[in-house]
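In: Got a sequence here, can you build the structure:
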Amino acid sequence: MTKPRPKPRVLSPLADGQLVSEKPVLLPFMAPRLQGDCWPDGKIEISVWGCGKIANLTFSGWRGPFTYAPNRVETSGGGLYVAQSAPVLFLKGAKLRTLIPSRRCAWWGSTTKREPVERLGERRIARTGWGVAIAEQRPAGIFLSAGASIEEATRALDLAQEDVIAEANAYVARCDEMPEASPLMRSMVSQSLHAALSSIRQDEHGDFGGLAAGQAYSAPARTYYRDGYWTLQALLARAPDAVRSQIELLARGIQPDGEAPSGVILTGPAQAEEWEKVRRSHPQIKEEHLRPGDWWSDHFDSPLFFILTIGDYIRSTGDNSPLSAHWDKVVAILDRYCALDEAGNGLPVKPAHDRDWADNVYRHGYVSYDIGLWVGALDVIAAYGEAIDENIAARAAAIAKRARASIDDVLLQEGGTYADYGTKQDFVEDHLTLDSLTLLRYRAVSAESATRVLAKVASTLESRSNSDQPYGDWGVMCAFPPFKRPKDTRSKSAFAYRYHNGSDWPYLSGLYAEQRLVHGLADAEYPLLRWWETCLEEGWMGAVEYFAPPWGRGSLLQGWSSMPAMAALAHKDKLRLR
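Out: Take a look at the predicted model:
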């Protein structure tokens, strides 16, 4: 393959881990309550976790160059600073132009009539039926607060300008965990870790409000089993109390038969009432969201992630209490998947639906990704359940042994990789996928098999090595070649290289890098950094959800895109940092 000429970067990494650009680029920001988008040339959209979108604000804007860090942008004329202790931000050196309340909390919400903006001296108050935003012009700039109530938004204005700036700067420092690295690696770790730390949300009373999947997931506010799991990998050593609280929230969604939705809804009262109207009436939504607290009911991987989350928490903290508290749910999950073991080989068979992480694909039969999670969950029960019920723990250990012995028979391909999904009696989608590396992460296959698979990933899914894909060197594809059977895909994944059909998902690139490092293989820097280089080339500020050259990007500031930072920090002694 002819190596393409490097694409000029819109954003350039600095030695201190910040990023600089001559032109303004969109900055997503997220704090425990406040979140939104800032265009440095003069616009902010503001939302509140659990409430939804509150208002748009326009201001005089700043001139470049612009220097970006997590939740902060600075110029010679001012900058944006986001507080952590209260839902308020400061626009230094800015003049207020307009404050316009939103007419609905989210795309699915009812459109309402705008209330007139109240003016009290230099203060403007925008009220909606689900939240309040206050903009106040001060000599040095604009204070912008928001909340579920006028009381919450008003209290936030008690913070002094110096306090807001100090909290914003302290947060930037908190994200900067690899100062010894090159500017590229240091900036990646900072922004990727920011995605995990900022996912820790609060309700209006200051209590834990779940791990957000990302900045785009506040309406309805929800926390996911799978997104939360990959996000909390970076939080186990940094915020274990948040992980413990996350387990309690996820436990709400586990049904008596071991079923669980994709996520658990955590909205405030006003948004919850509006969402319930939609859930009961929208033709598609009412078919997918079967219970008031469910976000997309009955996902095949969610119960397994619940057990894996408990296991990782115990392994990290030594605290076994979540397993004891939720043992009945864990046993129900075990029984649920055992009932799907049609052949008695220890492997559950997934129904032909689109309800696991690849939610645009009708995967069925033996699914490598899900089986990796299943073996990992069995190991958690076997390792930590003995003190609660020796018989159940022994049962899980025996099933895990049988499952490991059966995987090669049902999924191993001639080339040494594991099929995506299917059964030999029906149809096998045999292309290579990054999500099949769950088999490696949970040691479901041998070390020799893992090394062989990782070599194939390097030659097939790393775009720099694959001359059969037409876009040159741009990242690590999540699958290749594209799906063979069109009827197995829908929506975005129906297109080659889009979404589950070959995009680069940084969380999976992080999983791949982690496994290269765990198995002592070189060149983990490529999956750790190539996605980030693309972000800088395109001017995408923050950890992106996914992308592919012909299709653009998904959301910014995505929680599970912290996996590259987690992998780099956990194994930095094995990396080339300069």
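
In: can we go C-alpha only for contacts and neighbour counts from here?
Out: Fine.

In: What residues does the nearest residue to Lys424 once chain neighbours are set aside make contact with?
Out: Distances taken as C-alpha to C-alpha, 6 or more residues apart in numbering place Val410 nearest to Lys424, at 7.2 Å, with adjacent residues excluded. Counting by C-alpha atoms under 8 Å, 6 or more residues apart in numbering, Val410 touches 366, 423-424.

In: Same list, these, but as CSV with secondary structure, distance to Thr111 and pLDDT please.
Out: Converted to CSV, the contacts of Val410 look like this (DSSP: H, G, I helix; E, B strand; the rest coil; distance: C-alpha to C-alpha, whole Å; pLDDT from 0 to 100):
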residue, secondary structure, distance to Thr111, pLDDT
Tyr366, coil, 45, 98
Thr423, coil, 48, 97
Lys424, coil, 51, 91
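
In: by contact count, what packs against the lowest-mean-pLDDT helix or strand in the chain?
Out: Least confident element among the helices and strands of the chain, by mean pLDDT, DSSP states H and E: helix 269-281 (a mean of 85). Secondary-structure packing of helix 269-281 (3 or more C-alpha pairs under 8 Å, 6 or more residues apart in numbering; DSSP states H and E): helix 285-288.

In: any idea which helix or strand comes after the helix it packs on?
Out: strand 294-295 (DSSP states H and E).

In: which residues of the stretch 101-250 of the chain fall in strands?
Out: Assigned by DSSP state E, counting those that start in this stretch, the stretch 101-250 of the chain shows strands spanning 118-120, 123-127, 132-138, 141-147, 200-202, 208-211, 222-224.

In: circling back to that earlier point, going through the contacts of Val410, which ones are buried?
Out: Buried subset of these (neighbour count, 16 or more other C-alpha atoms under 10 Å): 366, 423.

In: Name the surrounding residues that touch the least confident helix or strand of the chain.
Out: 50-52, 105, 108-110, 129-130, 219-220, 285-286, 289, 292.

In: Put the buried members of the residues you listed into a PyMOL selection.
Out: Here is the PyMOL command that selects the buried residues among the contacts of helix 269-281 (16+ other C-alpha under 10 Å):
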select buried, resi 50+51+52+105+109+129+130+219+220+286+289
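
In: Nearest to Pro348 among the contacts of helix 269-281?
Out: His289 (24.1 Å; C-alpha to C-alpha).

In: Tell me who's in contact with that closest one.
Out: 279, 295-297.

In: out of those, who has the most neighbours?
Out: Trp295 (26 neighbours; other C-alpha atoms under 10 Å).

In: so that one sits right up against Gly263, yeah?
Out: Yes. Contact between Trp295 and Gly263 holds when scored by C-alpha atoms under 8 Å: they sit 4.8 Å apart.

In: what is in contact with the two at once?
Out: Arg222.

In: In the chain, where is pLDDT below threshold?
Out: 1-6 (pLDDT under 70).

In: Have a look at it and report its longest helix.
Out: helix 390-411 (DSSP state H).

In: of the strands of the stretch 101-250 of the chain, which approaches Ile165 most closely?
Out: That would be strand 141-147 among the strands of the stretch 101-250 of the chain, by C-alpha to C-alpha, at 11.5 Å.

In: strand partners of that closest one, parallel vs antiparallel please.
Out: Sheet pairing here is set by DSSP bridges, and for strand 141-147 it gives strand 88-92 (antiparallel), strand 132-138 (antiparallel).

In: Comparing those, which stretch has the densest surroundings?
Out: strand 88-92 (a mean of 27; mean count of other C-alpha atoms under 10 Å).

In: Let me see the residues that make contact with that one.
Out: With C-alpha under 8 Å, 6+ apart as the criterion, strand 88-92 contacts 34, 77-83, 140-146, 153, 156-157, 161, 164-165.

In: Go through the residues you listed and flag which are in helices.
Out: 153, 156, 161, 164-165.

In: and which of the residues you listed is nearest Trp62?
Out: Nearest to Trp62 among these, with distances taken as C-alpha to C-alpha, is Ile165, at 17.4 Å.

In: Could you give the number of residues near the closest residue to the closest one other than its chain neighbours?
Out: In this structure, Ile165 finds its nearest non-sequential neighbour in Tyr81, 5.7 Å apart by C-alpha to C-alpha, 6+ apart. Using other C-alpha under 10 Å, Tyr81 has 25 neighbouring residues.

In: list the contacts for Tyr81?
Out: Per C-alpha under 8 Å, 6+ apart, neighbours of Tyr81: 71-73, 89-92, 164-165, 168.

In: Closest to Cys338 out of those residues?
Out: Among the contacts of Tyr81, and counting by C-alpha to C-alpha, the member closest to Cys338 is Asn71, at 45.6 Å.

In: so what's that closest one up against?
Out: Going by C-alpha under 8 Å, 6+ apart, Asn71 touches 27-31, 80-82, 168, 172.

In: Which of those residues fall in strands?
Out: If you go by DSSP state E, the contacts of Asn71 have 27-30, 80-82 in strands.

In: Save these as CSV, and put in distance to Leu197 too.
Out: Listed next are the ones in strands among the contacts of Asn71 as CSV, based on distance: C-alpha to C-alpha, whole Å:
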residue, distance to Leu197
Leu27, 17
Pro28, 14
Phe29, 12
Met30, 9
Leu80, 19
Tyr81, 17
Val82, 14
